[in-house]
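Q: this one's sequence-less:
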């Protein structure tokens, strides 16, 4: 009990040292108990929130140097604000600048959907608002450069560059870095799949937040993997995002249509023979109503030009694919008719 009480006392002391701007006491405390620097009170306020409110830059620096979470969020009773929100709404220019330099999320919003810039503007803190505007624009340009570098690295299989960029992703920039910001944006995972960069794809799959479907064409990363003609990449994407097997692009092409056009038999086999979860399997009836089968998608579905998978394989003279599809269709039909009699 004594140890628990002592630990709680240290939490309170660090909090109070920040609250009363006691620099000397805080310095001693964070040196002796650095693990206590992110203590929060019942409202979810950290010592850094208090320092940001008071505008004491020395206190802020002490806390940041000790490992304080620059993006710590208060509880809902205080609108889930970060230290940057607090500093901005109170017009603490120097603190805002320091928090920005230490990686504060510039566009994080509180419960009212206000970011730090909006709070500064609402409080008529125009110098702080200008500082935040400049910081947001600088960050936007930096993120765009990172995205461009990542796309180039995905095309050229520069694995070290990809790893370096991914290691520096944050909650605030990951979507823009991975997926871009424009309507016709290039998505890193899509580009890596399209270019057949197996090692890069494997590295990208270690992080979340990839846009899986292109906004304009509706092509998925599975379509891109199929286009690469690399069976290993197709299998990697299928394992990671199995549900994409049911997707169709803007031209109505399923992944089977896409694979039939590309003509890689191994890719076709992966799509047809993959061990799909039962939740994805559905009962599919032939248009004639004479037979049905269980699979993830209708192998005879039509694209926007009323073409089937088999039609595309024939039209593109992919003999091996045609033979395989006919064998699969024959087996499915045979199994169905056998089920009627046994």
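A: It's in. Quick caveat: nothing in here was measured; it's all calculated off a predicted structure.

Q: where do the strands of the stretch 151-300 of the chain begin and end?
A: Applying DSSP state E, counting those that start in this stretch to the stretch 151-300 of the chain gives strands spanning 282-285, 292-295.

Q: turn these into a markdown table, including distance to residue 16.
A: For every residue, glycine as well, the C-beta is placed using N, CA and C. Supplementary listing: the strands of the stretch 151-300 of the chain in a markdown table, determined by distance: least, Cβ to Cβ, whole Å:
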| stretch | distance to residue 16 |
| --- | --- |
| strand 282-285 | 62 |
| strand 292-295 | 66 |
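
Q: deepest in the core, which of the ones you listed is it.
A: Most buried of these by mean neighbour count (mean count of other Cβ atoms under 10 Å) is strand 292-295; its value is a mean of 15.

Q: list the helices and strands the helix or strand following it packs on?
A: Remark: after strand 292-295, the chain's next helix or strand is helix 309-315, criterion DSSP states H and E. Under the contact definition 3 or more Cβ pairs under 8 Å, 6 or more residues apart in numbering; DSSP states H and E, helix 309-315 sits against helix 255-262, helix 319-341.

Q: would you mind listing the outside residues contacting helix 309-315?
A: The contact list for helix 309-315 (Cβ atoms under 8 Å, 6 or more residues apart in numbering) reads 254, 256-257, 259-261, 263, 299-301, 307, 321-322, 325-326, 329.

Q: what mean pLDDT does it have?
A: The pLDDT scores in helix 309-315 average 90.

Q: in that helix, what counts as buried?
A: If you call a residue buried by 16 or more other Cβ atoms under 10 Å, then helix 309-315 has these buried ones: 309, 310, 311, 312, 313, 314.

Q: in TSV: those residues, plus distance to residue 94.
A: Putting the buried residues of helix 309-315 into TSV (distance: Cβ to Cβ, whole Å) gives the following:
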residue	distance to residue 94
309	65
310	70
311	69
312	65
313	68
314	72
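
Q: pick out the most distant pair among those.
A: Maximum pairwise distance among these (Cβ to Cβ): 9.9 Å, between 309 and 314.

Q: run a quick neighbour tally on residue 40.
A: Close neighbours of residue 40, defined as other Cβ atoms under 10 Å, add up to 17.

Q: shouldn't it be in contact with residue 72?
A: Yes: Residue 40 is within contact range of residue 72, at 7.4 Å (criterion: Cβ atoms under 8 Å).

Q: what do those two both touch?
A: Shared contacts of residue 40 and residue 72, defined by Cβ under 8 Å, 6+ apart, comprise residue 46.

Q: poorly predicted segments of the stretch 1-150 of the chain, please.
A: The model of the stretch 1-150 of the chain has pLDDT under 70 over residues 1-8.

Q: sorry, back to before: so which of the strands of the stretch 151-300 of the chain gets nearest residue 274?
A: strand 292-295 (10.6 Å).

Q: neighbouring strands - and their directions - for that closest one?
A: strand 282-285 (antiparallel) (DSSP bridges).

Q: contact partners of the strand it pairs with?
A: Contacts of strand 282-285 (Cβ under 8 Å, 6+ apart): 291, 292, 293, 294, 295, 296, 297, 298.

Q: just give me the neighbour total for residue 275.
A: Neighbour number of residue 275 under other Cβ under 10 Å is 6.

Q: no wait, residue 179
A: 22.

Q: check residue 23 too.
A: For residue 23, the count of nearby residues is 15 (other Cβ under 10 Å).

Q: go on, residue 156?
A: Neighbour count for residue 156, taken as other Cβ under 10 Å: 13.

Q: how much space separates it from residue 197?
A: Using Cβ to Cβ, to the nearest Å, residue 156 is found at 8 Å from residue 197.
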